[in-house]
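**Q** kindly generate the corresponding structure for this input.
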Amino acid sequence: MLTTSSLHVRNVSVKELWGLDVLGITDPLLNENMKENFDLTNFKNKMKILPYGRYEVKLPWKCNSENLPSNKELTWKRHLQMMNKLRNGKFFDDYKSVFRKWEDLNMQEVKLNNECHYLRIDL
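**A** A predicted model of the protein is given here:
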């Protein structure tokens, strides 16, 4: 059996040795606040105000959007379920009018390439 010891020595005061952060224990609220501040700053830095007053923002929770799945099948399935539910009720016309308004406001766009991510709509 081989026993080895490794000591990483650093000059620290006795008071620092009693600190929990020396042991790797940190305040989760402090870490969460730091993360929220970073996220908000990152969000503000990525936000653009377009000439006609609309805002354009990259997905702030996804750092590497190259690996973002399209969700087309999932979104289409959800859309069909909603259509079946609404077809028999009074909300079908409301559902259609929302999409028509989005078209009028240019909130929908035609993508010529296959690079896009579909978002689910829950009513």
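
**Q** contact partners for Lys72?
**A** Tyr118 (C-beta atoms under 8 Å, 6 or more residues apart in numbering). All C-beta atoms are positioned from the backbone trio N, CA, C, and that covers glycine.

**Q** try Leu119
**A** Asn71, Thr75.

**Q** and the lowest mean pLDDT element among the helices and strands of this protein?
**A** Scoring the helices and strands of the chain by mean pLDDT, DSSP states H and E places helix 14-17 at the bottom, with a mean of 64.

**Q** where does Gly53 fall, phi/psi-wise?
**A** In terms of degrees, to the nearest 10, the main-chain angles of Gly53 are phi 90, psi -10.

**Q** can you start the count at 326 instead of 1 from here on
**A** Yep, numbering from 326; the last one is Gly378 now.

**Q** so what's the residue count around it?
**A** Here the number of neighbours of Gly378 (other C-beta atoms under 10 Å) works out to 6.

**Q** ok, now how distant is it from Leu430?
**A** 11 Å (C-beta to C-beta, to the nearest Å).

**Q** helices along this structure, start to end?
**A** Along the chain, counting by DSSP state H, helices occupy 339-342, 353-371, 397-412, 417-429.

**Q** mind checking which of those helices is nearest Glu440?
**A** When the helices of the chain are compared by C-beta to C-beta, helix 397-412 sits nearest Glu440, at 11.6 Å.

**Q** that closest one versus helix 417-429: what angle between them?
**A** 130 degrees (axes from the mean of the first three to the mean of the last three C-alpha atoms, to 10 degrees).

**Q** just the buried residues of helix 397-412, please?
**A** Met407, Leu411 (16 or more other C-beta atoms under 10 Å).

**Q** wait, Leu411 touches Ser422, no?
**A** No. Judged on C-beta atoms under 8 Å, Leu411 makes no contact with Ser422 at a distance of 11.7 Å.

**Q** so where is this protein shaky, pLDDT-wise?
**A** 326-360, 384-391, 436, 439, 445-448 (pLDDT under 70).
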